[in-house]
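*Asks:* predicted model and sequence follow; I will ask about them next.
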Amino acid sequence: GVRFGGSFSGPFSQTYRQVADKMVKHNKIIPNAHFHKKWQSSSRGPLHLITWFDQPGKKKARRLKRAAKAAAIVPRPLARLRPVVRCPTEKHCAKVRLGRGFSLAELKAAKITPQIANSIGVAVDHRRTNKSTNAFSSNVQRLQGYKAKLVMFPKKGTKVKTGDTKDASARDVTQSLEKTLMPADGSPDGPFDFIEVSSEMKNHSSYQQLCETRNAKKLAGIRKKMKVEKDAEKKN
């Protein structure tokens, strides 16, 4: 007859015991982790593991490249002067960082042409526009402060031209090897002053004000034309 409740013996019992040990309790996913990664490319595809064994060599190569660049542009600073801009989105707009380059309006206010800006280590971004008066004035002051600290060497020989530093003793300066010129303070703005909300503020509608301003700008030409025609009719 058939016996129930007995124990298995032989190689099958060992395999069954290993499978039973891997199984999980309850209604969970069966463990099937693949730890045999492919370290070489084959017909099944290339290697997908990312290594970083060249990190020390790349670090040395970057250092040597910075040193070669500094020697090629001496006595100019290694980094370029960049503007201070606000971070995007409402979440990060309280913080400031360095932007890509100064706008053409900021350079014009500081009396610097884009051609001269590129030659004295000032980054220029012709696509950037100014939307804030405070940011515009701060960047203009940043350019003026940089101009005050700047030392201009004559291009050829000792003949001093317009814009060059006339004092020869002031030219005994060292090259700036800093990665960032005049870094920006990235901390958020300081404490704010709180005021009481008046009844006038509560009754004010910003949406209505924007609509009226938009309509006034849109209808400015038509209203001016109608006024001229009305004045002409009165004279006649």
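*Replies:* Good, I have the coordinates.

*Asks:* would you mind measuring from the one residue sitting closest to the centre of the chain to residue 106?
*Replies:* Taking CA atoms, centre = their mean, the centroid of the chain lies closest to residue 99, which sits 5.9 Å from it. Look at residue 99 and residue 106: by CB to CB, to the nearest Å, they are 10 Å apart. Where C-beta positions appear, they are placed from N, C-alpha and C, glycine not excepted.

*Asks:* pLDDT at the residue nearest to the centre of the chain, what is it?
*Replies:* Note on residue 99: pLDDT of 95.

*Asks:* residue 201 now?
*Replies:* The score at residue 201 is 92. That number is its pLDDT.

*Asks:* can you get me a residue count around it?
*Replies:* 9 (other CB atoms under 10 Å).

*Asks:* next, it: secondary structure please.
*Replies:* Following DSSP: H, G, I helix; E, B strand; the rest coil, residue 201 is assigned to helix.

*Asks:* what's the spacing between it and residue 212?
*Replies:* 18 Å.

*Asks:* where do the strands of this structure begin and end?
*Replies:* All strands of the chain, identified by DSSP state E, fall at 84-86, 96-98.

*Asks:* one step back: wait, isn't the residue nearest to the centre of the chain in contact with residue 127?
*Replies:* No - checked against CB atoms under 8 Å, the pair residue 99 and residue 127 is beyond contact range at 11.2 Å.

*Asks:* how close does residue 217 sit to residue 210?
*Replies:* Look at residue 217 and residue 210: by CB to CB, they are 11 Å apart.

*Asks:* with residue 231 instead?
*Replies:* Taking CB to CB, one finds residue 231 at 31 Å from residue 210.

*Asks:* likewise for residue 32?
*Replies:* Counting by CB to CB, the gap from residue 32 to residue 210 is 60 Å.

*Asks:* so these two - more neighbours on which side?
*Replies:* Between residue 32 and residue 210, counting by other CB under 10 Å, residue 210 is the more crowded of the two (10 against 6).
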